[in-house]
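Undergrad: my questions are about this predicted structure, shown below with the sequence.
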Amino acid sequence: MNILTSKQVTYEYRNAVQTVRAVNGVSCTFQQGHVYAIVGPSGSGKTTFLSLLAGLDVPTSGTIELDGESTAKMNRDSYRLNHVSVIYQNFNLFQHLTVLENAAYPLYVRKMPKKKADELAAEKLLQVGLKEDQFKRFPNMLSGGEQQRVAIARALTSGSELILADEPTGNLDSENSRNIVGILQGLAHEGNRCVIIVTHDPAVAEVADVLLKMKDGKLIH
Ligand SMILES: Nc1ncnc2c1ncn2[C@@H]1O[C@H](COP(=O)(O)OP(=O)(O)OP(=O)(O)O)[C@@H](O)[C@H]1O
């Protein structure tokens, strides 16, 4: 079943001197239960397209629909909170919260009792290969790859039906990378989520159910 649809989506970055058309008339559909990899050369518009799907930016023209309803008509905060989980290239962890609190954050927002939220978050942190003695640390006391795994654990606790990830294996060694790819694949195939990954990593592209190739802001076949 289609969960997300991009219809003729275009996005332009504009400033006083120039306009950059980063995404140019992209139409495609995304289904639950599938892993999608968006690949393409640097500057081809992958991250911009992902941020449009995530509701972080609004298309200059065209529409993005969730279950047939235009996201432009929805409250953007509630779209992001209730439907989408994003794993950012730069992790976007809260520096003043511990590793455990970062992973549990989506559950705190949903008013789950702290003890239960922390238990669930701990489970996800262990799943992505973090160790219990790291749970009370702050993000700046972890390596880049460890921070990336905290960001992935946070996406796992959120339970969102859409998981969008920008280079989720970018800072990981091959063993951790395989583990994360397996988790993302499991979320799609067993958890029936829709997983969309922007990647330069051939190992990720290889396991994707659908490969979307971008060039100069367009999807190519
Ligand atoms: N804030 C911005 N202002 C102006 N132009 C931008 C901005 N961000 C990105 N661009 C331009 O938009 C185009 C698409 O960028 P985007 O980051 O989406 O590409 P990408 O395929 O994700 O690249 P990479 O693989 O290097 O991360 C590029 O030409 C880029 O220079």
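TA: Here it is on my side, so go on. Quick caveat, the model's predicted, so the values are computed rather than measured.
Undergrad: tell me which residues are up against stretch 182-202.
TA: For stretch 182-202, the external contacting residues (C-beta atoms under 8 Å, 6 or more residues apart in numbering) are 3-4, 30-39, 46-47, 49-50, 53, 127-128, 152, 156, 160-170, 177, 204-205, 207-209. Glycine gets a C-beta too; all of them are placed from N, C-alpha and C.
Undergrad: show me which residues of the least confident helix or strand in the chain by mean pLDDT are buried.
TA: None of the helices or strands of the chain scores lower by mean pLDDT, DSSP states H and E than helix 76-82, at a mean of 85. Across helix 76-82, burial judged by 16 or more other C-beta atoms under 10 Å covers Y79, R80, L81.
Undergrad: centre-most residue in this structure?
TA: Residue closest to the mean C-alpha point of the chain, counted by C-alpha atoms, centre = their mean, is L164 at 2.2 Å.
Undergrad: how about the helices of the protein, start to end?
TA: With DSSP state H as the criterion, the chain has helices at 46-53, 76-82, 99-109, 114-127, 144-158, 174-189, 202-207.
Undergrad: who in the chain is up against the ligand?
TA: Y13, V20, A22, G40, S42, G43, S44, G45, K46, T47, T48 (C-beta under 6 Å from any ligand atom).
Undergrad: how about the contacts made by the second one?
TA: Contacts were defined as C-beta under 8 Å, 6+ apart; by that measure V20 touches E12, Y13, R14.
Undergrad: let's go with 7 Å and repeat that
TA: Neighbour list for V20: E12, Y13 [criterion: C-beta atoms under 7 Å, 6 or more residues apart in numbering].
Undergrad: and if you look at the last one?
TA: Taking C-beta under 7 Å, 6+ apart as the definition of contact, the neighbours of T48 are Y11, A22, V23.
Undergrad: mind doing that once more with 10 Å?
TA: By C-beta atoms under 10 Å, 6 or more residues apart in numbering, the contact list for T48 reads 9, 11-13, 20-23, 26, 56-57, 59, 198, 214, 217.
Undergrad: of the residues you listed, grab the buried ones for ChimeraX.
TA: Listed next is the ChimeraX selection for buried residues among the contacts of T48, using 16+ other C-beta under 10 Å:
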select :9,11,12,21,22,23,26,57,59,198,214,217
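Undergrad: show me which pair in the contacts of T48 is furthest apart.
TA: Across those, no pair lies farther apart than E12 and V198, at 19.4 Å, counting by C-beta to C-beta.
Undergrad: pretty sure L100 is touching A122, no?
TA: Yes: counting by C-beta atoms under 10 Å, A122 is a contact partner of L100 at 6.3 Å.
Undergrad: which neighbours do those two share?
TA: L130, E132, F135, A153.
Undergrad: pick out the most distant pair among those residues.
TA: Taking C-beta to C-beta as the measure, the shared contacts of L100 and A122 have their most distant pair in E132 and A153, spaced 12.9 Å apart.
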